[in-house]
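Chemist: A predicted structure for the sequence below; I have some questions about it.
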Amino acid sequence: MKIILVSRSAKEVIKGGIELHDEATVSDLQEAIYARTKKFYPSRQRLTLPLQSGNQGKPVVLSPKKKLVEYCDGNAKTLTVVFKDLGVQVLYSTLFFWEYLGPLIIYPIFYYFPVYKYFGYEGERVIYPVQTYATCYWCLHYFKRIMETFFVHRFSHATSPLSNVFRNCAYYWTFGTYVAYHVNHPLYTPVSDLQMKIGFGFGLICQVSNFYCHLILRNLRSSDGNGGYQIPRGFLFNIVTCANYTTEIYQWLGFNIATQTIAGYVFLVVATLIMTNWALAKHRRLKKLFDGKDGRPRYPRRWVILPPFI
Amino acid sequence: MAGFLSTLRRIYLSLYNWTVFVGWFQVLYFAVKALREGGPTTVYDSVERPLQLAQTAAVMEILHGLVGLVRSPVSATLPQIGSRLFLTWGVLWSFPETRTHVLVSSLVISWSITEIIRYSFFGMKEALGFAPSWLLWLRYSTFLILYPTGITSEVGLIYIALPYIKASEKYCIRMPNKWNFSFDYFYASIVALAIYVPGSPHMYQYMLGQRKKALSKSKTA
């Protein structure tokens, strides 16, 4: 069969189109495009069916494992496919590694080295126990994140645009510096011993819960890496769609109860807003996918991310 | 009821836009008058009151966007208003040493011309239901010059103010305190300057895109 490949402005991307055998899959098409263009490796390609004129909805994205013939309505001999270049891609694991490495390295620098000298604070620094525990807690958190990236998570998309590396690193590294500067400051004022213990204790419980949530999510997906969405069940997922985000938010709350800095709370609020955005999208996607029709289960009534608010 | 509310909205927005228009018109008038009579060092004192009123009133526009009274996205208006308020109150009002600098003249003239065009454009649309095509053209073309002149003036004035900001310790919160909070206005101003680096091309590109949309739409209309 013949594939005509056009850009979104209807220009031909590959002159003359591509000839493939009738049983070819989308993945075969991606390989052929890469071979012909040399530049656009498969993870950079976004292939969709052309929108019917007047139809304002979202275009149908071609799924790599499906056969091309499944997308032809009547004429099984040619198919027009719309191509979009997603730009340079990096693996999600690469992206996560670099964004988490910053906080993991920057925070201890403020703890161990006499950096405050450069901010005008001369002389010896008194280090409180809470500051030591905070450094351990923080580094454990980001070490855990890196380990989960390589050994636990299964990603729905293998890659992310390169520009996200700069954007995400700016976010994590800047906030890491902002929090580290204040918790390790020579003029830091610690909270009571009891409050510190409650904070770290609660935070640790939430980190363990968060890890368990990640294990549950991992087991929803098969290891042949084709993403796909399932209804999460068990543990806190029975109550809240994005229990992984919920536990993440609460573990930062624990950290802040123990360390009590405005910087830490600002970080918590911003992270909460970002995760709430993600959670709303995920909840919506799951409700739409699991609509109870055609033998699909119906998505159960659940909180999105932060009961009793949302 | 719906018709009544929509009329009310139109009346309110017409009043709002034309009132602020008058404010900015005053700014331009007094600025040009001062330039001709006393020179650049006297411009600030002549425009201070209408400038502060007209610029601060723009905070209402964030509200308008949030409650859905207007379609402008909050994400586009917030950085714009933020930088304006920072210059008006955080630099010029707070640090009088900056007021006699020649960049104040270019700042105030760039801002006032842009706003006169913008508010009369919206004022007409709300009051009369349309705006003349020459005004549409002005609104989507003058930024090509006035954005660079305005941004240069803003960045320049912040830079001029830096030594005064550092020396005065104004708006700074120092540690130790119960919430382990610190704020250094000098470093915050440097961060503000840094934001202009990606922020200015971004805003300019946004306006270029808006221009393309607006001017092509009027051709086909």
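Modeler: Arrived safely, thanks for sending.
Chemist: so who does the residue of chain A most remote from its centre touch?
Modeler: With distances taken as Cα atoms, centre = their mean, the residue sitting farthest from the centre of chain A turns out to be A:Gly123, at 42.4 Å. Contact analysis of A:Gly123 by Cβ atoms under 8 Å, 6 or more residues apart in numbering or on different chains lists A:Pro186. Yep, even glycine has a C-beta here, placed from its N, CA and C like the rest.
Chemist: how near is it to chain B?
Modeler: 15 Å (Cβ to the nearest Cβ, to the nearest Å).
Chemist: Also A:Gly17?
Modeler: Remark: distance between A:Gly17 and chain B (Cβ to the nearest Cβ) = 32 Å.
Chemist: give me the number of residues near that residue?
Modeler: For A:Gly17, the number of neighbouring residues by other Cβ atoms under 10 Å in any protein chain shown comes to 18.
Chemist: And B:Ala76, by the same measure?
Modeler: Counted with other Cβ under 10 Å, B:Ala76 comes out at 15.
Chemist: my read is it is in a helix, agree?
Modeler: Yes - counting by DSSP: H, G, I helix; E, B strand; the rest coil, B:Ala76 is located in a helix.
Chemist: Quick check: pLDDT value at it.
Modeler: If you check B:Ala76, the pLDDT there is 76.
Chemist: next helix or strand past the longest strand along chain A?
Modeler: Ranked by residue count under DSSP state E, the longest strand found in chain A is strand A:78-85. Once the chain leaves strand A:78-85, the next helix or strand it forms, by DSSP states H and E, is strand A:89-91.
Chemist: Partner strands of that following strand and their direction?
Modeler: Paired with strand A:89-91 in the same sheet, following DSSP bridges, are strand A:159-161 (antiparallel).
Chemist: Pull out the buried positions in the partner strand.
Modeler: Neighbour-count burial for strand A:159-161 flags A:159-160 (criterion: 16 or more other Cβ atoms under 10 Å in any protein chain shown).
Chemist: mean confidence for it?
Modeler: Taken as a whole, strand A:159-161 has a mean pLDDT of 92.
Chemist: got a list of contacts for that strand?
Modeler: With Cβ under 8 Å, 6+ apart as the test, strand A:159-161 has contacts from A:43, A:86-92, A:95.
Chemist: Recalculate using a threshold of 10 Å.
Modeler: Outside strand A:159-161, the residues within contact range by Cβ atoms under 10 Å, 6 or more residues apart in numbering or on different chains are A:41-44, A:86-96, A:167-168.
Chemist: what does stretch B:3-23 give?
Modeler: Applying Cβ under 10 Å, 6+ apart, the contact partners of stretch B:3-23 are B:49-58, B:60-61, B:64, B:69-70, B:112, B:115-129.
Chemist: change it to 8 Å
Modeler: Stretch B:3-23 has contacts (Cβ under 8 Å, 6+ apart) with B:50, B:53-54, B:57-58, B:60, B:64, B:69-70, B:115-116, B:119-120, B:122-123, B:126-127.
Chemist: hmm, back to that, give me the secondary structure label for the residue farthest from the centre of chain A.
Modeler: Taking three-state DSSP as the rule, one finds A:Gly123 in the coil state.
Chemist: A:Cys242 versus that one, what's the distance?
Modeler: From A:Gly123 across to A:Cys242, the span is 47 Å (Cβ to Cβ, to the nearest Å).
Chemist: Name the nearest residue to B:Glu115, sequence neighbours excluded.
Modeler: Residue nearest to B:Glu115 in three dimensions, not counting chain neighbours: B:Trp24, with 4.2 Å by Cβ to Cβ, 6 or more residues apart in numbering or on different chains.
Chemist: Could you do A:Tyr116 as well?
Modeler: Distance criterion Cβ to Cβ, 6+ apart; nearest residue to A:Tyr116, sequence neighbours excluded, is A:Pro186 at 5.3 Å.
Chemist: what's the answer for A:Lys282, then?
Modeler: Residue nearest to A:Lys282 in three dimensions, not counting chain neighbours: A:Cys242, with 6.0 Å by Cβ to Cβ, 6+ apart.
Chemist: Quick one: residues contacting that neighbour.
Modeler: By Cβ under 8 Å, 6+ apart, the contact list for A:Cys242 reads A:275, A:278-279, A:282-283, A:304-305.
Chemist: residue ranges of the helices in chain B, please?
Modeler: Along chain B, counting by DSSP state H, helices occupy B:2-37, B:43-57, B:59-67, B:74-85, B:102-128, B:133-139, B:143-168, B:185-220.
Chemist: cool, and chain A?
Modeler: Under DSSP H, chain A gives helices at A:26-37, A:92-112, A:129-151, A:163-183, A:193-220, A:243-259, A:262-289.
Chemist: what mean pLDDT does the fifth one have?
Modeler: Per-region confidence: helix A:193-220 scores 96 on mean pLDDT.
Chemist: same check, this time on the last one
Modeler: In this model, helix A:262-289 has an average pLDDT of 94.
Chemist: what angle sits between that helix and helix A:129-151?
Modeler: For helix A:262-289 against helix A:129-151, the angle by axes from the mean of the first three to the mean of the last three Cα atoms, to 10 degrees is 30 degrees.
Chemist: Poorly predicted segments of chain B, please.
Modeler: B:219-221 (pLDDT under 70).
Chemist: which residue ends up closest to the midpoint of it in space?
Modeler: Short answer for chain B (Cα atoms, centre = their mean): B:Arg84, at 4.5 Å.
Chemist: returning to that earlier point: show me the contacts for the residue nearest to A:Tyr116.
Modeler: Going by Cβ under 8 Å, 6+ apart, the list of residues near A:Pro186 reads A:116, A:121, A:123, A:125-126.
Chemist: What parts of chain B come near chain A?
Modeler: Where proximity means Cβ under 8 Å from any Cβ of the partner chain, the interface of chain B facing chain A comprises B:174-182.
Chemist: let's see it at 6 Å
Modeler: Contact residues (Cβ under 6 Å from any Cβ of the partner chain) of chain B with chain A: B:175-176, B:179-181.
Chemist: top of these by neighbour count?
Modeler: With neighbours taken as other Cβ under 10 Å, the top of the residues of chain B next to chain A is B:Asn180, carrying 21 neighbours.
Chemist: quick one: it and A:His182 touch, right?
Modeler: Yes - applying Cβ atoms under 6 Å as the test, B:Asn180 and A:His182 come out as touching, 5.3 Å apart.
Chemist: Pop the domain breakdown of chain A in here.
Modeler: Following the TED database, chain A resolves into domains at A:2-87, A:90-289.
Chemist: Out of these, which one sits most buried?
Modeler: Neighbour counts (mean count of other Cβ atoms under 10 Å in any protein chain shown) averaged over each of these peak at domain A:90-289, with a mean of 17.
Chemist: Please name the nearest non-neighbouring residue to the residue nearest to the centre of chain B.
Modeler: Among residues not flanking B:Arg84 along the chain, B:Gln55 sits closest, at 5.4 Å (Cβ to Cβ, 6+ apart).
Chemist: which ones are touching A:Leu104?
Modeler: Going by Cβ atoms under 6 Å, 6 or more residues apart in numbering or on different chains, A:Leu104 touches A:139, A:142.
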